[in-house]
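>>> kindly generate the corresponding structure for this input.
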Amino acid sequence: MIRIEHLSKAFQKNVVLEDVSLEIEQGNVIGVIGPSGTGKSTLLRCINQLEIPDQGTLTLDGRTIDLHRKNKQDMLYIRRNTGMVFQKFNLFEKKTALENVMEGLLTVHKLKPEEARQAALEELDRVGMTAWANHYPVHLSGGQQQRVAIARALALKPRLLLLDEPTSALDPELVGEVLEVIRKVAGQGYTMILVSHEMAFVQSISNRVIFLDKGHIVEDGTPAQVFSNPQNERTREFLSKMFILTQPEFII
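Numbers count the residues shown, from 1 in each chain. As a prediction, the model looks like this:
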């Protein structure tokens, strides 16, 4: 069981998250949906301390960490046990795909170079990128870069995988290849929190779906409950607009 409790974050007077608590069963995929600017990405960034929340704790494998405190040992523990996939890949431009995947193994897990290389090659193979191992990001498509980013996150063998809009920066024709990799990873039993506007994908891959609005969880249930019978008026309004926007007559 993974627990996030009483997580709050404000940027000056703008409250982005307010007393958010969440329990995640091992192996579950939690889909997080909601309007832009409602705290979805901030939630992920606070969990792994890329942003320091105003309050909140993370309990992982029985260890409870005060996320508001900057503690080197706690931060290292979080880095070793969580993986993050960003919207815009965040690959090192001057490192090859292989070197990007090796980086965390060398700096966080302190593996020897040959051990890190073998582990990185295995992860690149998992996402179908072995043939591009020695290519630099500039020579890869957006979909290929995101697959390398997923391999980099998986190489750390994370207890919790955080995915922040992993397809939002991709051209439409490249979205499918990345979603297929994420589906494959989910099928291998990884615990995941997925923030996405790909409603059909969230519905198909998640064990639970959370609707976040103005920094609060206002809906939490199975995909069938949230998408077919939402209880909150704000959720119904949001999903009706998303549904309308995906109809053929609205696609330009």
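>>> quick check on the spatially most central residue of the chain: phi, psi?
Using C-alpha atoms, centre = their mean, the residue of the chain that lies closest to the mean C-alpha position is Leu163, 1.3 Å off. Torsion angles at Leu163 (phi, psi; degrees, to the nearest 10) stand at phi -120, psi 120.
>>> just the strands from the stretch 1-150 of the chain, written as ranges.
For the stretch 1-150 of the chain, the strands defined by DSSP state E, counting those that start in this stretch occupy 2-11, 14-24, 29-33, 55-60, 63-66, 82-85.
>>> reformat those strands as JSON lines; add mean pLDDT, mean neighbour count and distance to Gly187.
Glycine gets a C-beta too; all of them are placed from N, C-alpha and C. Shown next, in JSON lines, are the strands of the stretch 1-150 of the chain (pLDDT from 0 to 100; neighbours: other C-beta atoms under 10 Å; distance: least, C-beta to C-beta, whole Å):
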{"stretch": "strand 2-11", "mean pLDDT": "96", "mean neighbour count": "17", "distance to Gly187": "19"}
{"stretch": "strand 14-24", "mean pLDDT": "96", "mean neighbour count": "17", "distance to Gly187": "17"}
{"stretch": "strand 29-33", "mean pLDDT": "96", "mean neighbour count": "25", "distance to Gly187": "10"}
{"stretch": "strand 55-60", "mean pLDDT": "96", "mean neighbour count": "19", "distance to Gly187": "22"}
{"stretch": "strand 63-66", "mean pLDDT": "96", "mean neighbour count": "14", "distance to Gly187": "28"}
{"stretch": "strand 82-85", "mean pLDDT": "94", "mean neighbour count": "24", "distance to Gly187": "17"}
